[in-house]
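Enquirer: model the structure of this input:
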Amino acid sequence: MKILAFVADNYEDCELIYPYYRVQEDGHEVTLVGLEKTTYRGKKGDSLTADKTYDEVDMKDYDGLIIAGGFMPDRIRTHEGAVRITRDAVLQNKPVAAICHGPSMLVEADVLQGRKVTSVENIKTDLINAGANYSEDKVVVDGNLVTAQRPPQLPLWMKEFTALLK
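Expert: This is a model prediction of the structure:
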């Protein structure tokens with residue numbers, strides 16, 4: 001399967017690096033997508049290079065989407081290409097994994113009405129205002145959405161996401 005993952009400066013290193021390698025362990029191909037094909041640095045200094053730009057990606061060619069947190073979602077939520085990819089992934093019923101601040105992309109994509117999700121506390125009000133049913137659970141699965149609060153939930157978050165890919 002082909003999985004797409006957003007990358008931009010100030011991503012939360014472990015929230016992108018862990019799933020990037022975890023889904024590859026199951027034999028899936030991961031494509032990193034960014035505003036430009038360049039190298040981006042995480043908050044703690046790791047770096048990853050985008051394989052494609054938003055304009056080069058059509059979600060119909062992919063089987064799932066990973067949205068890490070950190071400051072990255074706040075940077076990319078203003079780019080229509082990233083919003084389009086997010087919206088298409090959800091509406092095409094592809095598995096979408098979002099952690100920490102990552103669910104803010106779901107707010108921008110306007111796909112949360114009636115959906116049960118979780119996130120880092122900072123964006124709880126944004127999710128509720130977007131029509132989501134916010135949960136205090138550390139990891140939440142609602143249909144094709146898998147959301148998690150923080151890095152300690154990475155293993156369970158990825159376990160749930162990879163289960164949806166099967």
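
Enquirer: quick one: the helices in this protein?
Expert: 13-25, 72-76, 80-91, 104-108, 124-129, 154-165 (DSSP state H).

Enquirer: distance to residue 56 added to those helices, as TSV?
Expert: All C-beta atoms are positioned from the backbone trio N, CA, C, and that covers glycine. TSV is the format used below for the helices of the chain (distance: least, C-beta to C-beta, whole Å):
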stretch	distance to residue 56
helix 13-25	19
helix 72-76	15
helix 80-91	9
helix 104-108	18
helix 124-129	29
helix 154-165	22
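
Enquirer: dump those to a markdown table, plus distance to residue 62, mean neighbour count and mean pLDDT.
Expert: Shown next, in a markdown table, are the helices of the chain (distance: least, C-beta to C-beta, whole Å; neighbours: other C-beta atoms under 10 Å; pLDDT from 0 to 100):
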| stretch | distance to residue 62 | mean neighbour count | mean pLDDT |
| --- | --- | --- | --- |
| helix 13-25 | 12 | 19 | 98 |
| helix 72-76 | 17 | 24 | 96 |
| helix 80-91 | 8 | 20 | 98 |
| helix 104-108 | 15 | 25 | 98 |
| helix 124-129 | 24 | 16 | 98 |
| helix 154-165 | 11 | 18 | 98 |
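
Enquirer: residue 38 is nearest to which of the ones you listed?
Expert: Taking C-beta to C-beta, helix 72-76 is the member of these nearest to residue 38, at 13.4 Å.

Enquirer: so which elements touch that closest one?
Expert: Contact here means 3 or more C-beta pairs under 8 Å, 6 or more residues apart in numbering; DSSP states H and E; on that basis helix 72-76 packs against strand 2-6, helix 104-108.

Enquirer: so which bits of the first one are buried?
Expert: In this case it means strand 2-6. Residues 3, 4, 5, 6 are the ones in strand 2-6 that count as buried (16 or more other C-beta atoms under 10 Å).

Enquirer: for those residues, give me a markdown table that also has distance to residue 54.
Expert: Shown next, in a markdown table, are these (distance: C-beta to C-beta, whole Å):
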| residue | distance to residue 54 |
| --- | --- |
| 3 | 16 |
| 4 | 10 |
| 5 | 13 |
| 6 | 9 |
